[in-house]
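Asker: Below are the sequence and a predicted model; questions follow.
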Amino acid sequence: MKKGKGVAILCVVLTCILVLGYYASIILSPSGRGENQNIILGLDLAGGVSITYEIMDKDATAEEISDTIYKLQKRVEGYSTEATVAKEGSDRITVAIPGVTEANDILEDLGTPGSLEFKDPDGNVVLTGDDVAEAQAGSISDSGMNKVVVNLTFTDEAAETFAELTEKHLGQIISIEYDGEVISTPSVKSKITGGQAYIEGLDSFQEAETLASQIRIGSLSLELEELTSQVVGASLGEEAISTALTAAAIGLALIIVFLIAFYWIAGIATTLGLLIYSTAVVAVIYLFEITLTLPGIAGIILGIGMAVDANVVINARIKEELALGKSTGSAIKSGYQKALSAIIDGNVTTLIAAAVLAVKGSGTVKGFAYTLAIGIVLSMFTALVVTRYSMYAIHAIGFKDVKYYGAAKERRVIDFISKRRVFFIISIAVIAAGFIAEGVNSAGGRGAFNYSLEFVGGTSTTVDLGKNYELEQIDSEMVPLINEALGSSEVQVQKIADSTQVIFKTRSLELSEREAFADVFIENYSIEESAISYQNVSETISKEMTSDAIWAVVIAVALMLIYIWFRFSDFSFASSAIIALVHDILVVITCYALLRISVGSTFIAVMLTILGYSINDTIVTFDRIRENMKSRPKVTQAELTEIANKSITQTLSRSINTSLTTFVMVLLLYILGVTSIRDFALPLMVGVISGTYSSICIATELWFEMKIRQKSSSEVKKKNKAKKPA
């Protein structure tokens with residue numbers, strides 16, 4: 001590359017940083033500049049609309065209520081992936097939609113949940129709302145004209161019934177009734193198979209959207225009637241947002257200092273790529289209108305870790321190539337080529353997990369998956385394009401001496417393999433401690449884990465304080481008094497906008513505990529008892545949502561196993577990587593059990609973060625083993641030991657450096673964060689440490705054990721075959 005081209009590339013990169021930085025500052029500013037210039041924040045960070053429905057069916061079963069909650073959850077996720085639905089009392093359902101403030105607009109768009117029926121010309125009910133999987137407004141082209149339609153998709157079970165219905169009633173009308181009122185009378189033009197159809201004859205797209213909304217909401221199992229709607233404040237407050245931003249800024253600054261100090265010119269190029277990555281993440285989250293919550297922040301943190309990791313892998317490779325005596329230009333080119341497979345494999349496996357979680361997950365799982373996927377794609381782009389060409393450009397303008405990059409020093413190979421059984425025993429002991437703690441907790445009547453309100457529900461207490469209090473003041477003054485009165489450390493707080501009412505969510509309270517709760521406000525704030533009302537609420541993370549998350553993780557792990565097996569052409573690599581991943585998850589679970597950290601929605605986020613982080617860490621080491629094995633297809637056990645130890649040693653600095661930068665980001669969140677963020681950051685730090693430990697001390701050692709056992713088994717078979725008489 002010529003000097004002039006290098007200068008031009010650096011100018012373009014610096015311009016992009018300035019433009020993206022300015023754009024990100026507008027998006028992240030408290031008020032924004034212009035219309036809608038802020039990221040959509042979740043209910044925990046910014047509040048939103050809360051709608052309470054009453055179940056009109058008096059004999060509704062628990063199964064019908066659960067089914068209605070799950071279906072309604074899927075409906076409201078159209079407004080935000082972070083929307084939550086929960087049972088309140090015995091006959092109410094509450095919907096919380098973050099990032100919105102106009103309750104009336106939401107209600108008008110969502111519609112009042114009622115019964116939906118499809119009737120033939122004889123008035124017989126042939127299908128109900130339960131048979132509709134999806135309804136969306138759209139358009140079709142007919143004779144060069146665009147027609148507004150409502151596209152319907154029926155469930156697999158109803159598709160055959162609908163095909164028979166349309167065949168029997170060709171040329172006739174099938175009426176669609178909502179709560180006994182006819183809302184559409186489409187005519188059957190042909191037999192419709194495949195479970196997909198459309199309704200035409202609509203005057204406007206708005207009319208189509210209204211009809212589609214009625215059909216969607218009418219597929220609920222029970223009829224609901226709106227009782228109240230209100231705008232609620234954030235449960236974490238503005239302090240949580242400012243804390244996260246401050247931690248991110250300080251962490252990023254420390255990482256940049258570390259990268260430049262450790263890698264010199266390569267560190268400067270990495271810094272340019274990292275700045276574009278950080279600002280681009282903000283821009284993309286805003287442009288794609290992704291709702292950001294605490295789990296979403298976890299996805300961004302993991303993305304930053306992986307962005308740093310890709311560059312660390314490349315920079316380490318460049319230093320190794322320089323140590324072989326290559327020129328800086330050749331070393332840069334060769335370093336990128338040799339690092340490519342590890343970067344692609346590590347990021348693709350994590351991207352597989354993100355894709356599965358986005359499709360199969362719900363609620364906070366989706367939000368995490370979206371931010372993680374964005375982070376992965378942008379980290380690969382910045383590492384392989386921005387940082388790469390920045391480094392070429394800096395090299396071209398005159399920084400060609402090896403001293404600006406630093407050649408790697410030859411390291412003594414550390415014998416990790418001989419200590420593998422010690423490592424295995426340590427891991428088994430830690431994991432066993434977790435299981436023992438769970439058993440002791442259960443035997444003591446406290447439950448295996450400290451499940452939060454999201455999992456077990458509790459009591460929602462609304463208090464009219466008579467005047468407006470800031471959320472930070474409520475947290476610092478009132479919450480400690482409530483904790484003391486109840487002997488509990490978990491209280492969730494939400495303010496109701498434009499009122500003096502505050503909602504306190506706690507574990508389920510007995511009568512005596514409700515009295516103790518009321519005394520806190522009566523004695524300290526002169527609140528009348530009539531200004532305090534109680535309501536039992538169900539969990540917001542339903543069994544169906546938990547099941548979705550578990551299945552998403554299982555499918556993701558299975559697909560990662562297949563991908564690693566395919567890429568490395570060796571099941572030993574794939575199986576040992578997955579076992580190391582399970583190891584890290586179990587270690588984090590041990591942390592939750594021993595320290596009694598609250599298990600809520602952030603628990604899912606932590607587990608998913610470890611899922612992505614751990615597998616990426618392990619694959620870098622495995623990639624080096626694969627490379628070292630290429631020239632030696634048939635090896636003895638001694639040579640296998642040498643390769644394994646050499647590969648771990650070669651990637652050791654990379655593993656430590658990446659883990660250190662990620663750990664610093666999470667540590668700052670823990671130090672600066674509010675209680676909820678600390679409950680999220682502490683197990684995440686444990687996960688980062690465990691992921692580093694497993695990639696160095698567990699994964700390769702497991703692979704080695706499997707290889708020598710395969711080798712031993714193969715030799716036994718050969719001996720037995722040789723002993724057979726001719």
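Answerer: Received the coordinates, thanks.
Asker: so S460 sits in a strand?
Answerer: Yes - counting by DSSP: H, G, I helix; E, B strand; the rest coil, S460 falls inside a strand.
Asker: right, and it touches S538 too?
Answerer: No - checked against CB atoms under 8 Å, the pair S460 and S538 is beyond contact range at 10.3 Å. In this view, the C-beta of every residue, glycine as well, is placed from N, C-alpha and C.
Asker: any idea how far T546 is from the residue nearest to the spatial centre of the chain?
Answerer: Centroid-nearest residue in the chain: F368, 1.9 Å away (criterion: CA atoms, centre = their mean). Computed as CB to CB, to the nearest Å, the F368 to T546 distance reads 15 Å.
Asker: ditto for I604
Answerer: Distance of I604 to T546, computed by CB to CB: 8 Å.
Asker: what's the overlap in contacts for the two?
Answerer: By CB atoms under 8 Å, 6 or more residues apart in numbering, I604 and T546 have no common neighbours.
Asker: the more surrounded of the two?
Answerer: Neighbours were counted for I604 and for T546 using other CB atoms under 10 Å; I604 has more, 27 against 15.
Asker: How about residues contacting whatever helix or strand M665 lives in?
Answerer: Using DSSP states H and E, M665 sits within helix 652-672. With CB under 8 Å, 6+ apart as the test, helix 652-672 has contacts from 243-244, 246-248, 250-251, 254-255, 258, 262, 301-302, 304-305, 308-309, 312-313, 316, 411, 414, 613, 617, 620-621, 677-678, 680-682, 684-685, 688-689, 691-692, 695-696.
Asker: OK, contacts around W551?
Answerer: The contact partners of W551, by CB under 8 Å, 6+ apart, come to K360.
Asker: Now do the buried residues in the helix or strand harbouring it.
Answerer: Using DSSP H and E, W551 sits within helix 543-568. By 16 or more other CB atoms under 10 Å, the buried positions in helix 543-568 come out as 544-545, 548-549, 552-553, 555-557, 560-561, 563-565, 567-568.
Asker: Out of those residues, which is nearest to I55?
Answerer: Distance ranking of the buried residues of helix 543-568 against I55, using CB to CB, places E544 first at 17.7 Å.
Asker: mind checking pLDDT for the closest one?
Answerer: E544 is assigned a pLDDT of 64 by the prediction.
Asker: Likewise for E515?
Answerer: For E515, pLDDT reads 90.
Asker: cool, and L14?
Answerer: For L14, pLDDT reads 94.
Asker: Quick check: closest non-adjacent residue to it.
Answerer: Nearest in space to L14, with sequence neighbours left out and distances taken as CB to CB, 6 or more residues apart in numbering, is L272 at 7.6 Å.
Asker: How much space separates the one you found from T662?
Answerer: Where T662 is concerned, L272 sits at a distance of 20 Å (CB to CB).
Asker: coming back round to it: list buried residues within the contacts of helix 652-672.
Answerer: Buried among the contacts of helix 652-672 (16+ other CB under 10 Å): 243-244, 247-248, 251, 255, 258, 262, 301-302, 304-305, 308-309, 312-313, 316, 613, 617, 620-621, 677, 680-682, 684-685, 688-689, 691-692, 695-696.
Asker: Just the ones of those residues in helices?
Answerer: Judged by DSSP state H, helices contain the following of those: 243-244, 247-248, 251, 255, 258, 262, 301-302, 304-305, 308-309, 312-313, 316, 613, 617, 620-621, 677, 680-682, 684-685, 688-689, 691-692, 695-696.
Asker: Apart from its neighbours in sequence, what residue is nearest S330?
Answerer: Closest residue in space to S330, ignoring its immediate chain neighbours: E321 at 7.2 Å, by CB to CB, 6+ apart.
Asker: mind checking the SS state of that neighbour?
Answerer: At E321 the chain is in helix, as set by three-state DSSP.
Asker: more crowded one of L272 and T662?
Answerer: T662 (28 against 23).
Asker: Next, the buried residues of the biggest helix by length in the chain.
Answerer: Criterion DSSP H: the longest helix present in the chain is helix 328-360. Buried residues in helix 328-360, counted by 16+ other CB under 10 Å: 328, 331-336, 338-340, 342-358, 360.
Asker: Please pull up the helix or strand immediately following that helix.
Answerer: Downstream of helix 328-360 (by DSSP H and E), the next one is helix 364-381.
Asker: now the helix or strand just after that next one and helix 364-381, what's the angle there?
Answerer: Scanning forward in sequence from helix 364-381 by DSSP H and E, the next helix or strand is helix 387-396. Interaxial angle, helix 387-396 versus helix 364-381 (axes from the mean of the first three to the mean of the last three CA atoms, to 10 degrees): 30 degrees.
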